[in-house]
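Visitor: Predicted model and sequence follow; I will ask about them next.
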Protein chains: 2
Amino acid sequence: MAIPLTRNLAMSPALAQSRSTPERALASATPSARRGELSRSLRLRYAGQRSVTLRYELHGPRAAPVVLLAGGISAHRHVAPSARFPEAGWADALVSAGRALDPSRYRLLAVDYLGADGQLDAPIDTADQADALALLLDALGVARLHAYVGYSYGALVGLQFAARHAARLRRLVAVSGAHQPHPYAAAWRALQRRAVALGQHQHADAQGLALARQFAMLSYRTPEEFAERFAAAPRLVDGRVRCAAEDYLDAAGARYVARTPLTAYLRLSESIDLHRVDPATIGAPVTVVAVDSDRLVPLGDSATLAQALGERGELRVLRSRYGHDAFLKEPRLVDPILAEALGTSGALP
Amino acid sequence: MAIPLTRNLAMSPALAQSRSTPERALASATPSARRGELSRSLRLRYAGQRSVTLRYELHGPRAAPVVLLAGGISAHRHVAPSARFPEAGWADALVSAGRALDPSRYRLLAVDYLGADGQLDAPIDTADQADALALLLDALGVARLHAYVGYSYGALVGLQFAARHAARLRRLVAVSGAHQPHPYAAAWRALQRRAVALGQHQHADAQGLALARQFAMLSYRTPEEFAERFAAAPRLVDGRVRCAAEDYLDAAGARYVARTPLTAYLRLSESIDLHRVDPATIGAPVTVVAVDSDRLVPLGDSATLAQALGERGELRVLRSRYGHDAFLKEPRLVDPILAEALGTSGALP
């Protein structure tokens, strides 16, 4: 197994002192966060030749091994706070000093997906996303990723990347994503898209998109979590029954609508259902990570993928009550798997 | 265990002959199918004193022990074809000669639920339904049911009936229904009701109700069944992704809309979420039947109910890939349980 380059782990007294002051530690650990975007012409599987915009953020020392971190369809290029970009990221729980994804040890690369800006209103394939990533690596001068850590949609794109650009990654970690969508999950997403369409029917776009997101939340989480959080009896409000989970679902819908173009949601949701990769074409080693309670990507599908990969695949299973969202909710379970895949202990001394 | 009255099982040559001619057998086995309706004044838990209409059908010999059969919120008083009412019923798979629910052996009683006609636009409690059933039994002169077989919503009403009118049933069989709804299932239903509301907002009532039903179908069935039936890749139709299950879901939505008043759907769906029964108040013996793959009523909830019932409860578990719908899809699994609960072998000699 290749040993990654790592910075000297001996801490100066000043750095050790700074660990008790999170803001100073953050600033010192992330000297080089930067963002960029570039335009390229790319042939898309269904949409033909298009000019696309590739938006990325790099976070971590310039000379460190590059790890690409790719999340769900609502993820983006900002994975975690840095001195330069201090706002919260989508992977805060996993990206920090002391974690496997330590931005002082790795140069973390993340992107906005093709279509995430809502400007590409055409079917988007995960293969398109993978090819866009390869173009971005060309532009950044990154010959080979130390690792690609993909979660949910990011795992699907990663599997395509490992099939189409195998020489450009040392290892893929594919979390909660398999070689093809499960038909039940596909039906669930198809109905979410119908909720959006129903909203569009008479200019109630926000309500439709919120409802789609709310149904999606049910697929991301588990009955076990809901039983703990929302056991209260329903209330009658204006003569209608309002269940205990509805406040939570309202908030989730509103947050999503505020940040998500409707077209982006529709096309990226579709993209999950178009996804198909023949495991035999995958040329890089893959750590397949499944969650026992995942209602979107059943453990059985991940096991099938790992088996089809043969010596290139290994399966790791998380036991969690967070279902599809476990990757972002259970860093203590995820960290050892990432550390092993990255070839590091994952913990600072 | 009480032994039910049964008719003489020795068949005359003529009757034995008729068994090979389904229509004649049907006619001879169901001499007394009849329907009726009556108005009563009833105090509803949330809606106050109301005049309600009780619609019922009786199917089976006049002198046979009466078994009440109650299904899901879209079930109704017509359980199976008879000479008089030859159209298909909602429980055809379970009600026939040779099955435990043999309409030549038992007098099957079924009703249209309060609210099913869409005329009662107010919160409806399962306790209201149970009290309406007691009024109906009074009117029919049935002092005590030989059994109450309730499935889904019918099980919830049955548990209320066994709590409020325990002297009026020998045994309850509660299939796929527990003492309270699961919070995750409640959230799922709440979102379905929002789909209806979104449709109403858009003057697209049918689309909203269809979408609600389609989401409900996902909760009634299982990923395993979908994986077998809808494994085909999606198609692109007018530039949009259409998944393999969508034809099936379209048909399910259209069938439901054609027969279901919107208000009936909303109020009966709410009624499931209002449902709460303290198992300690249940005074009749209960056979609790759970399905291992049920996504609406988890096995754990049924087990909790059976345990809380102590000596009055026993738990039976069906292993099925049909989830919440197993009761109607797996008569071979259900029949032995019903036969035992009814105190009969279930099979004609």
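Guide: Ah, there it is.

Visitor: who's in contact with the spatially most central residue of chain A?
Guide: Central residue of chain A (C-alpha atoms, centre = their mean): A:Gly71, 0.8 Å from the mean position. For A:Gly71, the contacting residues are A:79, A:90-91, A:110, A:150-154, A:328, by C-beta atoms under 8 Å, 6 or more residues apart in numbering or on different chains. No exception for glycine: its C-beta is placed from N, CA and C like everyone else's.

Visitor: Lowest-confidence one in these?
Guide: Across the contacts of A:Gly71, the bottom pLDDT score, 94, is held by A:Leu328.

Visitor: what's the spacing between that one and chain B?
Guide: 20 Å (C-beta to the nearest C-beta, to the nearest Å).

Visitor: Other residues contacting the one helix or strand that residue maps to?
Guide: Assigned by DSSP states H and E, A:Leu328 belongs to helix A:326-329. Applying C-beta under 8 Å, 6+ apart, the contact partners of helix A:326-329 are A:71, A:90-91, A:93-94, A:151-152, A:175-176, A:289, A:291, A:293-294, A:318, A:320, A:322, A:333-334.

Visitor: Can you classify the closest residue to chain B within the stretch 1-150 of chain A as helix, strand or coil?
Guide: When scored by C-beta to the nearest C-beta, the stretch 1-150 of chain A has A:Pro123 as its residue closest to chain B, at 6.0 Å. Three-state assignment for A:Pro123 (DSSP: H, G, I helix; E, B strand; the rest coil): coil.

Visitor: Give me the phi and psi for the nearest residue to it once chain neighbours are set aside.
Guide: Of all residues not flanking A:Pro123 in the chain, A:Tyr46 sits nearest, at 3.9 Å (C-beta to C-beta, 6 or more residues apart in numbering or on different chains). Backbone torsions for A:Tyr46, taken as degrees, to the nearest 10, come to phi -110, psi -20.

Visitor: Please report how far A:Tyr46 lies from A:Asp273.
Guide: Between A:Tyr46 and A:Asp273 the distance, using C-beta to C-beta, to the nearest Å, works out to 12 Å.

Visitor: More neighbours: which of those two?
Guide: A:Asp273 (23 against 16; other C-beta atoms under 10 Å in any protein chain shown).

Visitor: Show me which positions of the helix or strand that A:Ala186 is a member of end up buried.
Guide: Per DSSP H and E, A:Ala186 falls inside helix A:183-201. In terms of neighbour count (16 or more other C-beta atoms under 10 Å in any protein chain shown), helix A:183-201 has its buried residues at A:183-196, A:198-199, A:201.

Visitor: Please write out the alpha-carbon positions of the helix or strand following that helix in PDB.
Guide: Remark: after helix A:183-201, the chain's next helix or strand is helix A:205-220, criterion DSSP H and E. The C-alpha trace of helix A:205-220 is given here as PDB (Å, rounded to 0.1, in the frame of the first residue of the first chain):
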ATOM      1  CA  ASP A 205     -42.400  26.200  -7.200                       C
ATOM      2  CA  ALA A 206     -41.300  26.700  -3.600                       C
ATOM      3  CA  GLN A 207     -44.000  24.500  -2.200                       C
ATOM      4  CA  GLY A 208     -43.400  21.700  -4.700                       C
ATOM      5  CA  LEU A 209     -39.600  21.800  -4.100                       C
ATOM      6  CA  ALA A 210     -40.100  21.900  -0.300                       C
ATOM      7  CA  LEU A 211     -42.400  18.900  -0.500                       C
ATOM      8  CA  ALA A 212     -39.900  17.000  -2.600                       C
ATOM      9  CA  ARG A 213     -37.200  17.700  -0.100                       C
ATOM     10  CA  GLN A 214     -39.400  16.600   2.800                       C
ATOM     11  CA  PHE A 215     -40.100  13.300   1.200                       C
ATOM     12  CA  ALA A 216     -36.400  13.000   0.500                       C
ATOM     13  CA  MET A 217     -35.600  13.500   4.200                       C
ATOM     14  CA  LEU A 218     -37.700  10.400   5.000                       C
ATOM     15  CA  SER A 219     -35.400   8.500   2.600                       C
ATOM     16  CA  TYR A 220     -32.300   9.900   4.200                       C
END
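
Visitor: Name the surrounding residues that touch the helix or strand just after helix A:205-220.
Guide: Downstream of helix A:205-220, the next assigned helix or strand under DSSP H and E is helix A:223-229. Residues outside helix A:223-229 that contact it (C-beta under 8 Å, 6+ apart): A:245, A:248, A:293, A:321-323, B:182-185, B:187, B:295, B:298.

Visitor: could these go into JSON lines alongside distance to A:Gly98 and pLDDT?
Guide: Below are the contacts of helix A:223-229 laid out as JSON lines (distance: C-beta to C-beta, whole Å; pLDDT from 0 to 100):
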{"residue": "A:Ala245", "distance to A:Gly98": "34", "pLDDT": "97"}
{"residue": "A:Tyr248", "distance to A:Gly98": "31", "pLDDT": "96"}
{"residue": "A:Ser293", "distance to A:Gly98": "27", "pLDDT": "95"}
{"residue": "A:Arg321", "distance to A:Gly98": "25", "pLDDT": "95"}
{"residue": "A:Tyr322", "distance to A:Gly98": "22", "pLDDT": "96"}
{"residue": "A:Gly323", "distance to A:Gly98": "26", "pLDDT": "96"}
{"residue": "B:His182", "distance to A:Gly98": "38", "pLDDT": "98"}
{"residue": "B:Pro183", "distance to A:Gly98": "35", "pLDDT": "97"}
{"residue": "B:Tyr184", "distance to A:Gly98": "34", "pLDDT": "97"}
{"residue": "B:Ala185", "distance to A:Gly98": "40", "pLDDT": "97"}
{"residue": "B:Ala187", "distance to A:Gly98": "36", "pLDDT": "97"}
{"residue": "B:Arg295", "distance to A:Gly98": "39", "pLDDT": "94"}
{"residue": "B:Pro298", "distance to A:Gly98": "38", "pLDDT": "96"}
